[in-house]
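Coordinates for the following, if possible.
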Amino acid sequence: MFIIHKAKPRIIKHSYLLDLQQYYIGSCTLDDIACTVIARVIGHYPDRGHMVMDCGWTALDNQSQMSKCVTGHGCIVGEPNLRIDSMTQELGKISAINGKLDYEKYPIGTILRIYPWHACATASLHEVYHILSDGAIVDQWRPVKWWSA
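Purely as a prediction, here's the structure:
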């Protein structure tokens, strides 16, 4: 699910939605980022040191593999010690940046909000944008996609 936080969108250097790429070049703070992708924890693998979420590169852009982003393929909101190590089409693998992963803190079904590396690429993967205001979804936007004659 792609979420736009209604109070935050603004235009900076031709970009309506700020993202991790903008954050890492110093154009904004994490709090300025208006879009997130919602995912759930769906598996624990303590013997391998990671957990799995139901979000892969069909929901979250895969451009960050070329970045030096310490949090991997996005940044899990409020969880600075989590790293999205890799993604398949529909799944993402999450590990701890430092120490061991605390699986009790993230039971199966835990909702994660993820700041995308590139907002435009991520937005293009979704058919509906859910607009959030004061913690509630207040609207849905359907983007115009593709070129038409």
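
okay, CA-based contacts and neighbour counts for the rest of this
OK.

center of this structure, which residue is that?
With distances taken as CA atoms, centre = their mean, residue 114 lies nearest the centre of the chain, 2.7 Å away.

Name the residues linked to it by a beta bridge.
Residues found in beta-bridge contact with residue 114 (criterion: DSSP bridges) are residue 37, residue 76.

my read: it touches residue 79, true?
No. Shown here, residue 114 and residue 79 do not form a contact pair, counting by CA atoms under 8 Å, at 9.6 Å.

Now do the contacts for residue 61.
Residues near residue 61 by CA atoms under 8 Å, 6 or more residues apart in numbering: 73, 116, 117, 118, 121, 122, 125.

In space, what's closest to the second one - neighbours in sequence excluded?
When the adjacent residues along the chain are set aside, residue 116 lies closest to residue 74, with 4.8 Å between them (CA to CA, 6 or more residues apart in numbering).

go on, the last one?
Distance criterion CA to CA, 6+ apart; nearest residue to residue 125, sequence neighbours excluded, is residue 59 at 5.9 Å.

list the contacts for the one you found?
Residue 59 sits next to 1, 37, 90, 122, 125, 126 when contact means CA under 8 Å, 6+ apart.

Which members of those residues occur in helices, if any?
Members of these lying in helices (criterion: DSSP state H): residue 122.

which secondary element of the chain has the worst mean pLDDT?
Considering only helices and strands, the least confidently modelled element of the chain by mean pLDDT, DSSP states H and E is strand 2-5, at a mean of 66.

Could you identify the helix or strand that succeeds it?
In the C-terminal direction, the helix or strand that comes right after strand 2-5 (DSSP states H and E) is helix 20-24.

hmm, back to that, buried subset of the contacts of residue 59?
Members of the contacts of residue 59 that pass the buried threshold by neighbour count (16 or more other CA atoms under 10 Å) are listed as 37, 122, 126.

Would you agree the first one is in contact with residue 111?
No. Contact criterion CA under 8 Å: residue 37 and residue 111 do not qualify, at 10.3 Å.
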